[in-house]
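Novice: Model the following, please.
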Amino acid sequence: MAGFSSSPWAAGTALPGVPALHEDLTTEVCVVGAGIAGLATAARIAAEGLSVVVLDRVGIGAGETGRTTAHLTCALDARFRRLERFHGPEGARRAAASHAAAIEMIAAQTARAPEECWFEWVDGYLFDPEGGDADALHEEAEAARRAGLDVEELAAPPLPFATGRCLRFPRQAQVHALRLLEALAAQVRGGRGRIFRAEATEFEDGEPATVRTSEGLRVRARSLVIATDTPINNRFAIHTKQASSRTYAIAFPPPAGFPRGLFWDTLEPYHYVRRARVGPDPGGEVLMVGGEDHRTGEAEDADARYERLEAWARDRIGGLGRVTHRWSGQVQEPVDGLAFIGRNPGDGHVYVATGFSGNGITHGTLAGVLLADLVLGRPNDWASVYEPGRISLRAAPSFLRENVKTAGHYAELASGGDVEDEEQIARGQGAIVRRGLRKVAVYRDPSGELHERSAHCTHLGCVVAWNGAERTWDCPCHGSRFDVDGNVVHGPAVAPLAAVDDPKPDPRPVPA
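Specialist: Got it, this is the predicted structure:
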């Protein structure tokens with residue numbers, strides 16, 4: 001994975017190794033994905049005494065959980081005015097209660113963890129950066145109160161730069177994301193749980209449900225949970241109701257006196273800043289600054305986005321040193337503001353967890369509780385609000401807008417390439433080249449050697465785009481990502497980009 005960026009905790013944390021799967025297995029529950037949702041679910045199921053097998057293509061925390069900034073808040077990114085509109089007052093209350101409960105569960109989990117997870121209770125502050133949004137802030141405060149949250153309206157947050165008014169949400173938190181996963185993995189293995197490295201590529205509902213791997217092995221289970229950030233087990237059911245976005249972050253050594261807390265503004269996309277502990281030594285803290293989100297595959301200006309984040313921080317915060325880390329991640333944005341957690345539409349024994357937006361750690365934690373209850377046949381008050389099969393008529397404009405964008409990308413099948421030929425591609429860069437009826441994804445490595453694959457995503461045939469910051473090919477339709485040799489980095493695709501000399505025609509599906 002050379003060329004991929006790394007978060008401060010991913011760069012400094014060695015997680016336990018995961019053995020490869022070498023044989024067919026039968027278990028009560030199989031979980032695909034060893035990030036926060038997968039391990040929280042597996043830990044909960046193991047605590048109930050059930051056998052559970054976790055499969056991950058790379059290993060513990062190798063996906064988006066290792067790229068999160070791990071702020072823990074029940075003041076959700078979707079905002080409670082919007083959640084009330086889409087889900088009603090009761091839906092907004094259940095959303096707030098579930099995330100507040102998730103923070104409490106993380107506090108309890110880290111308190112008994114064998115390693116230090118650096119969990120810390122802090123206040124959260126949503127602030128108006130320019131002083132012209134006081135009415136909107138007040139309306140959000142009222143909606144958050146109706147949802148059951150404790151909210152205080154203040155003249156300004158305790159930041160070292162001028163802002164407008166803010167909302168203070170007490171009892172929010174922060175945690176070291178990968179140390180939390182380490183604690184969950186230990187709980188899985190401490191029960192009847194096993195974790196393996198395996199690439200799951202085929203899924204079948206039934207009694208039992210079955211997962212097949214790229215090596216031809218099978219895992220059979222009474223229940224199957226897909227916890228892979230975005231579902232890799234279906235082609236349409238969820239992907240039309242959410243969109244994938246790239247998000248960016250940078251880290252500095254924290255300047256003296258910078259306050260503790262979670263701080264984020266009201267802009268769209270918003271900026272956020274906080275200081276966090278990422279290592280055990282006295283200098284093991286960083287100041288994280290993030291934002292500059294865009295839909296996956298729709299922008300090729302990552303360097304400019306990092307520069308804008310750095311400029312935003314330096315314009316407001318004195319005493320900043322050099323940038324020590326910069327990294328990007330992927331988030332799934334549901335059209336109606338809430339995640340999809342529950343039974344996969346149309347299936348009887350397959351469950352999914354996706355659509356976590358910018359609240360991945362709390363969403364993943366509550367998913368563990370909800371999915372364990374569903375697998376065990378127990379009622380759960382949160383089930384209806386996160387039901388994956390739901391259709392919100394009030395969110396129809398957002399649904400149509402995102403799918404029109406997706407459909408628009410299929411027009412690129414008939415357009416020219418980024419460059420006329422591969423000679424125009426610099427070392428360390430990639431571009432799309434048209435060759436007759438085909439488009440080819442061409443990467444020139446630092447030595448000058450070309451790496452060529454079909455440019456058509458193996459999920460639904462959209463043309464991929466070059467991501468220079470991560471050296472990946474990203475699909476703008478549903479967020480699949482591939483490395484320079486065409487291997488899958490992120491779903492929903494499960495098959496690699498085809499070889500250029502593959503005689504099979506590239507797919508030309510009807511846009512979904």
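Novice: looking at this protein, which helix or strand is least sure?
Specialist: Each helix and strand of the chain was given a mean pLDDT (mean pLDDT, DSSP states H and E); the minimum falls on helix 396-409 at a mean of 54.
Novice: Now the helix or strand just after that helix - C-alpha only, CSV.
Specialist: Where DSSP states H and E defines the elements, the next helix or strand beyond helix 396-409 is strand 429-435. Taking C-alpha atoms only, strand 429-435 is exported to CSV below (Å, rounded to 0.1, in the frame of the first residue of the first chain):
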residue,chain,number,x,y,z
GLN,A,429,1.1,10.2,-11.6
GLY,A,430,-1.9,8.6,-13.2
ALA,A,431,-4.5,9.5,-15.9
ILE,A,432,-7.2,8.0,-18.0
VAL,A,433,-6.4,7.3,-21.6
ARG,A,434,-8.9,6.5,-24.3
ARG,A,435,-8.0,3.6,-26.6
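Novice: Give me the neighbour count for residue 50.
Specialist: 20 (other C-beta atoms under 10 Å). (Each C-beta comes from the backbone N, C-alpha and C, glycine too.)
Novice: How about it: what's its closest non-neighbour residue?
Specialist: In space, and not counting its chain neighbours, residue 50 is closest to residue 28: 4.5 Å by C-beta to C-beta, 6 or more residues apart in numbering.
Novice: Can you classify the one you found as helix, strand or coil?
Specialist: strand (DSSP: H, G, I helix; E, B strand; the rest coil).
Novice: Enumerate every residue touching it.
Specialist: By C-beta atoms under 8 Å, 6 or more residues apart in numbering, the contact set of residue 28 is 45, 50, 51, 52, 221, 222, 223.
Novice: and these as JSON lines, adding pLDDT, secondary structure and distance to residue 441?
Specialist: Output for the contacts of residue 28, formatted as JSON lines (pLDDT from 0 to 100; DSSP: H, G, I helix; E, B strand; the rest coil; distance: C-beta to C-beta, whole Å):
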{"residue": "45", "pLDDT": "97", "secondary structure": "helix", "distance to residue 441": "40"}
{"residue": "50", "pLDDT": "97", "secondary structure": "coil", "distance to residue 441": "43"}
{"residue": "51", "pLDDT": "98", "secondary structure": "coil", "distance to residue 441": "42"}
{"residue": "52", "pLDDT": "98", "secondary structure": "strand", "distance to residue 441": "38"}
{"residue": "221", "pLDDT": "98", "secondary structure": "strand", "distance to residue 441": "36"}
{"residue": "222", "pLDDT": "98", "secondary structure": "strand", "distance to residue 441": "40"}
{"residue": "223", "pLDDT": "98", "secondary structure": "strand", "distance to residue 441": "37"}
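Novice: Now residue 11: which helix or strand?
Specialist: In the assignment (DSSP H and E), residue 11 maps to helix 8-12.
Novice: packing partners for that helix?
Specialist: helix 177-190, strand 325-334 (3 or more C-beta pairs under 8 Å, 6 or more residues apart in numbering; DSSP states H and E).
Novice: Just send these back as TSV, with mean neighbour count and distance to residue 153 too.
Specialist: Shown next, in TSV, are the helices and strands packed on helix 8-12 (neighbours: other C-beta atoms under 10 Å; distance: least, C-beta to C-beta, whole Å):
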stretch	mean neighbour count	distance to residue 153
helix 177-190	23	31
strand 325-334	22	28
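Novice: Any idea which of those gets closest to residue 233?
Specialist: Among the helices and strands packed on helix 8-12, the nearest to residue 233 by C-beta to C-beta is strand 325-334 (14.8 Å).
Novice: The closest one pairs with which strands, and in what direction?
Specialist: When sheet partners are counted by DSSP bridges, strand 325-334 sits next to strand 242-252 (antiparallel).
Novice: residue ranges with poor pLDDT in the stretch 201-350 of the chain?
Specialist: Along the stretch 201-350 of the chain, segments meeting pLDDT under 70 span 282.
Novice: Mind telling me what element residue 38 is part of?
Specialist: Here residue 38 is assigned to helix 36-47, by DSSP H and E.
Novice: so how far is that helix off the chain centroid?
Specialist: Taking C-alpha atoms, centre = their mean, to the nearest Å, one finds the center of helix 36-47 at 17 Å from the center of the full chain.
Novice: Whichever helix or strand comes after it: how far from the chain's middle?
Specialist: Once helix 36-47 ends, the next helix or strand along the chain (criterion: DSSP H and E) is strand 52-56. Computed by C-alpha atoms, centre = their mean, the chain-centroid distance of strand 52-56 equals 19 Å.
Novice: can you check stretch 5-17 too?
Specialist: 17 Å.
Novice: Angles on the backbone of the residue located most distally from the centre of the chain, please.
Specialist: Note on the chain: the largest C-alpha distance from the chain mean falls to residue 436, namely 36.6 Å (C-alpha atoms, centre = their mean). Backbone geometry at residue 436, expressed as degrees, to the nearest 10, gives phi 60, psi -120.
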